[in-house]
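the following comprises the amino acid sequence and a computationally predicted model.
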Amino acid sequence: MAAADDVNRLRESAGTEGWESGEFRGEHTLRVPVEALHQVLAQCRNQLGYAMLLDISGVDHLGEDPRFEVVYELATVDDSKHLRVKAKVADNQAVPTAVDLWQAADWHEREVWDLMGIGFAGHPNLQRILMWEGYPYFPLRKDFPLAGRPTDLPDVAFTGVAPMEGGPFVSTAGAPNTVLREPRSHAGD
Amino acid sequence: MVSVTSILEAAYDSKIESNVIVTRVDAAMNWVRKNSLWPMPMGLACCAIELMATASARFDISRFGMEVMRFSPRQADVLIVSGTVTYKMALAVKRIWDQMPEPKWCVAMGACASSGGMYRSYAVLQGIDRLIPVDVYISGCPPRPEALIAGLMRLQEKVDTEHALLDQKRSLLSKPAATAGV
């Protein structure tokens, strides 16, 4: 059965107002309200055979409401069928954990919490995973400056502000020659 | 205290003449130190791969007496910081440096260890010299083994110019004079 059929089967269940689904170059995406998220993921795991959770990512749509979005990449092991499930999350709103469905969700959810500041309700050990406990910011949020902010936690770690020197220096992908592809500052543009 | 005449007599004694070298203690110490630098490899990123290549058969830093890589800071002379120092790792590097006995030297290998490199970011220390004193900086991303060997040879040159004992003697001699002034 193709992923498109799985999306249709999921949409057959009751109370699917506000659900969106789409297909782009053979990739199937289902967007559900965060309240229905855990039930949908459980259905994918238990009835549709998505035994593998590839990734959980967080997206910051700064300026939109709700601000954040979580994206689950699911796959079946036998025929490598892929399905993407998305849910919008407001600031300070907790997402139900998926650790009870996939063990792999544990570290992914910790990473999303660490860098994006999206909480997961029911997670067994929701600590920072890359930054250290006590670091006060969520550095991958759009309103966090690239150069960083100074912090100091004696005997644990400190951070400073990186000198940008006119940067950030951004390369132009797909430019016709190497001179144009060279990383350059676009601050004056 | 050995007098000048006794040294001259010893030098002219045909039985022991060829076994005696007349030199300064500082020069002898430096000669010993610079030809037996024991590196502490602080491999943090891709520079560590080049560090391993430098130590292995093709480039072979044992030619310079530096092959004894010690993974204990207490047995090492040179801290080779090879790679990106994140803030999470920074104080661990500092602690390892503090555990190394004197005399000790530090080599910042590659762009990241020297200046943060391309990582102008919230997570990366912008050069290990913000935490510990660096003797030699090696450019490159990562530097080739030849560059690391050149850097370590520059460090040997630096070790050769040190006068530890002379400085110690000077500080000992200046102490009574300072107290006399009070």
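Everything's here; your move. Numbering: from 1, shown residues only, chains lettered A, B, ... in the order given.

could you pull up the residues touching the residue of chain B found nearest chain A?
Across chain B, the shortest distance to chain A (C-beta to the nearest C-beta) belongs to B:Y122, at 2.9 Å. Backbone N, C-alpha and C define where each C-beta goes, glycine included. Remark: with contacts taken as C-beta atoms under 8 Å, 6 or more residues apart in numbering or on different chains, B:Y122 is in contact with A:Y137, A:P139, A:F144, A:P145, A:L146, A:A147, A:G148, A:R149, A:T159, A:A162.

what about the fifth one, which SS state?
Going by DSSP: H, G, I helix; E, B strand; the rest coil, the secondary structure assigned to A:L146 is coil.

same question, the first one
Classification of A:Y137 into helix, strand or coil gives coil, according to three-state DSSP.

same deal with B:G151?
Counting by three-state DSSP, the backbone at B:G151 sits in helix.

surely it meets B:G140?
No: look at B:G151 against B:G140 with C-beta atoms under 8 Å: they stay out of range, at 9.5 Å.

now do the strands in chain B.
Using DSSP state E, the strands of chain B run over residues B:39-43, B:78-82, B:105-109, B:136-138.

which of the contacts of B:Y122 ranks first by neighbour count?
Neighbour counts for those were taken using other C-beta atoms under 10 Å in any protein chain shown; the highest belongs to A:T159, which has 26 neighbours.

let's see the pLDDT reported for the closest residue to chain B within chain A.
Ranking the residues of chain A by distance to chain B (C-beta to the nearest C-beta) places A:G148 first, at 2.9 Å. Per-residue confidence for A:G148 comes out at a pLDDT of 87.

could you find the closest non-adjacent residue to it?
Spatial nearest neighbour of A:G148, excluding adjacent residues (C-beta to C-beta, 6 or more residues apart in numbering or on different chains): B:Y122 at 2.9 Å.

ok, now B:A150?
Going by C-beta to C-beta, 6+ apart, B:A150 has B:I138 as its nearest residue, at 7.7 Å.

ok, that neighbour - contacts?
Contact criterion C-beta under 8 Å, 6+ apart gives B:V107, B:A108, B:M109, B:G110, B:S114, B:A147, B:L148, B:A150, B:G151 as the residues in contact with B:I138.

which of these count as buried?
B:V107, B:A108, B:M109, B:G110, B:S114, B:A147, B:L148, B:G151 (16 or more other C-beta atoms under 10 Å in any protein chain shown).

map the structural domains onto the sequence of chain B.
The domain map for chain B lists B:1-34, B:36-161, with the assignment taken from automatic domain parsing.

so which of these gets nearest A:R84?
When those are compared by C-beta to C-beta, domain B:36-161 sits nearest A:R84, at 28.2 Å.

what's the most distant pair in the contacts of B:Y122?
Pairwise across the contacts of B:Y122, and taking C-beta to C-beta, the largest span is found between A:Y137 and A:A162, at 14.1 Å.

for chain B, which residues are neighbours of chain A?
Counting by C-beta under 8 Å from any C-beta of the partner chain, the residues of chain B close to chain A are B:87-88, B:90-91, B:116, B:119-126, B:130.

helices of the chain, start to end?
By default, I'm working from chain A. For chain A, applying DSSP state H gives helices covering A:3-12, A:34-46, A:105-116, A:178-181.

nope, chain B please
Going by DSSP H, chain B shows helices at B:4-12, B:25-34, B:47-55, B:87-99, B:110-115, B:145-160, B:164-181.

elements contacting the third one?
Right, helix B:47-55. With contacts defined as 3 or more C-beta pairs under 8 Å, 6 or more residues apart in numbering or on different chains; DSSP states H and E, the secondary structure elements packing on helix B:47-55 are strand B:39-43, strand B:78-82, strand B:105-109, helix B:110-115, helix B:145-160.
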